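Peer 1: Dropping a prediction and its sequence here:
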Amino acid sequence: MQSLGKESELAVKKDQRYLWHNMTPYSEQHPPMIAASASGSWVTDIDGNTFLDGMSGLWCVNVGYGRKELAEAAYNQLLSLPYFPLTQSHMPAIALAEKLNEWLEDEYVIFFSNSGSEANEAAFKIARQYQQQTGQPDRHKFIARYRGYHGSSLGALAATGQAQRKYKYEPLGGGFLHVAPPDSYRRPAGMTEEAFNLQCAQAIEDMIVWEGAESVAAVIMEPVITGGGVIVPHQVYMDRVQEICRTHGVLLIIDEVICGFGRSGRKFGHHNFGIKPDIVTMAKGLTSGYLPLSATAVRKEIYEAFKDNSDDYGHFRHVNTFGGNPAACALALRNLEILEQEQLVERAGILGRRLEGGFAGLLEHKLVGDIRSFGLVLGIELVADKATRVPAELSVVKGIIAGCKAKGLIIGKNGDTVAGFNNVLTFAPPLSSTDEDVQFIIDTFTAVLNGSWAE
Ligand code: PMP
């Protein structure tokens, strides 16, 4: 790795002086990696060092870096119509909403925002107002899962089930309740995965009943908990959750912020389970991270409940200035075309299986407790003891990540520090990664684990 040149030394100093980084302890911020350019799955820093981005930024650069077509789509739109609010309309938003219906394989009406958090906030408000306007005014509560992540704003953070992100910022939005996720790796000994998943789904029904179904607006979940440690449910879990929601008049919100746009090997994560959510939220891969844009897709019947405007209170009283910016919509449309033309949804499945196959031998390693994957998302759960499944020490987890970075591979760490589950390493490279990129990930990670971490 090249050492810091004069120019980068100055940049580091200015960074230290002026920039507040996301989610990173101060001691780990300096010197930061200062990215200068990127192409495909590779990022180059200002000193010329290259890294394979095994996390697609923050799980978002689905089509890979350096796509000129995306820059052109945004540029052309900025020249013709850079901005117009969606209190009215414009062609890129109309075209993208239509295209999203094709991708969702069902009929939804689309509300645009700028981030995953905002897409979820809109979903919560829509769910509450829908319940009010259809004769269920007391249905205000939301049920989510521990370890799930739904965003950083006070409502989306309240839905999040990771204590370490929350407790300094209380009180959060009210009315959010949590149940345990279907973490099959930690199921009771002797219990089948299916029985355990049914038990976890039952916890949702029990909570609805104990709380009083007439007070519950919606359940929110990712198809697979990604950032919380790659927790993949059994099919029976998702079937049962959908059945429970329908039985009790509770809406099912599926957060596709990470799992959407091919990441799961299907267009959307929930397509893998054949369920039909009432509301679908999405962001990240919608623009592959090139511009901010998110969407809340709402089943047509729910939208219908917002049409009665006799007292001027029936409509959705929610606005965001930048949501559905024309350039972001035009770019998103081009991004979806690339995903289709290059068959990147299918490629995610192929690469995910290759990654899983390449790592299979690591299950013998003393630190590797479990390997779980879903499309092109893979998690490796590190343990201090295989028999008891006690999570590995944070210093070990961080050491492995640093070891990979030193060899030019960026990987992620996810989980909940307060609850002790900060021990899942994550891999989510661009869907456009080459076979050689994936082999680099397998070889580099294996070398790190079998090097300093073998004994
Ligand atoms: N939901 C999920 C599942 C996410 O992973 C994230 C972001 N990591 C969000 C919501 C929030 O998205 P944003 O950071 O764009 O607000």
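Peer 2: Arrived safely.

Peer 1: Close to the ligand: what parts of the stretch 101-250 of the chain are there?
Peer 2: Applying C-beta under 6 Å from any ligand atom, one finds that the stretch 101-250 of the chain approaches the ligand through S115, G116, S117, N120, Y149, H150, G151, S152, E222, T226, G227. C-beta: built from backbone N, CA, C; applies to glycine.

Peer 1: show me the contacts for the residue most central in space within the chain.
Peer 2: Centroid-nearest residue in the chain, with C-alpha atoms, centre = their mean: I258, separated by 2.7 Å. Residues in contact with I258 (C-beta atoms under 8 Å, 6 or more residues apart in numbering) are W59, E222, T226, G227, K284, G285, V377, A428.

Peer 1: can you list the domains in the protein?
Peer 2: Using automatic domain parsing, the domain parsing of the chain gives 33-63+343-450, 68-341.

Peer 1: Export those as TSV, with columns for mean pLDDT.
Peer 2: TSV is the format used below for the domains of the chain (pLDDT from 0 to 100):
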stretch	mean pLDDT
domain 33-63+343-450	96
domain 68-341	97
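
Peer 1: between the residues of the stretch 101-250 of the chain next to the ligand, which is nearest the ligand?
Peer 2: G116 (2.3 Å; C-beta to the nearest ligand atom).

Peer 1: so the closest one sits right up against K284, yeah?
Peer 2: Yes: assessed by C-beta atoms under 8 Å, G116 is found in contact with K284 at 6.5 Å.

Peer 1: Looking at these two now, which is surrounded by more residues?
Peer 2: Using other C-beta atoms under 10 Å, the more surrounded residue of G116 and K284 is G116, with 29 against 25.

Peer 1: Name all residues that make contact with that one.
Peer 2: By C-beta under 8 Å, 6+ apart, the contact set of G116 is H150, G151, A156, D255, V257, T281, M282, A283, K284, S294.

Peer 1: Now do the nearest residue to A95 once chain neighbours are set aside against V109, distance only.
Peer 2: With C-beta to C-beta, 6 or more residues apart in numbering as the criterion, A95 has its nearest non-adjacent residue at 5.8 Å, and that residue is L333. Per C-beta to C-beta, to the nearest Å, L333 is found 18 Å from V109.

Peer 1: now swap in R186 and tell me
Peer 2: 39 Å.

Peer 1: Tell me the secondary structure at A218.
Peer 2: With DSSP: H, G, I helix; E, B strand; the rest coil as the basis, A218 sits in strand.

Peer 1: What residues are bridge-paired with it?
Peer 2: Using DSSP bridges, the bridge partners assigned to A218 are F142, L251.

Peer 1: rewinding a little: and which of the contacts of G116 is nearest K307?
Peer 2: Set against K307, the nearest of those by C-beta to C-beta is T281 (21.9 Å).

Peer 1: so the closest one touches S294, yeah?
Peer 2: Yes: under the criterion of C-beta under 8 Å, T281 makes contact with S294 at 7.2 Å.

Peer 1: shared neighbours of these two, which are they?
Peer 2: Common neighbours of T281 and S294 (C-beta under 8 Å, 6+ apart) are G116, A119, V257.

Peer 1: thinking again about what came up before, list residues touching both of G116 and K284?
Peer 2: V257.

Peer 1: Going by residue numbers, what spans are helices in this protein?
Peer 2: Assigned by DSSP state H, the helices in the chain fall at 6-18, 26-29, 56-59, 68-80, 91-104, 116-133, 154-159, 193-211, 235-247, 300-304, 326-341, 344-359, 394-406, 435-450.

Peer 1: So for the third one, what gets flagged as buried?
Peer 2: In terms of neighbour count (16 or more other C-beta atoms under 10 Å), helix 56-59 has its buried residues at S56, G57, W59.

Peer 1: do the same with the fourth one
Peer 2: Buried residues in helix 68-80, counted by 16+ other C-beta under 10 Å: L70, A73, A74, Q77.

Peer 1: What helices and strands are in contact with that helix?
Peer 2: helix 326-341 (3 or more C-beta pairs under 8 Å, 6 or more residues apart in numbering; DSSP states H and E).

Peer 1: cool, the longest one as well?
Peer 2: For helix 193-211, the elements it packs on are strand 141-145, strand 176-179, helix 235-247, judged by 3+ C-beta pairs under 8 Å, 6+ apart.

Peer 1: now with 10 Å?
Peer 2: In terms of contacts (3 or more C-beta pairs under 10 Å, 6 or more residues apart in numbering; DSSP states H and E), helix 193-211 is packed against strand 141-145, strand 176-179, strand 216-221, helix 235-247.
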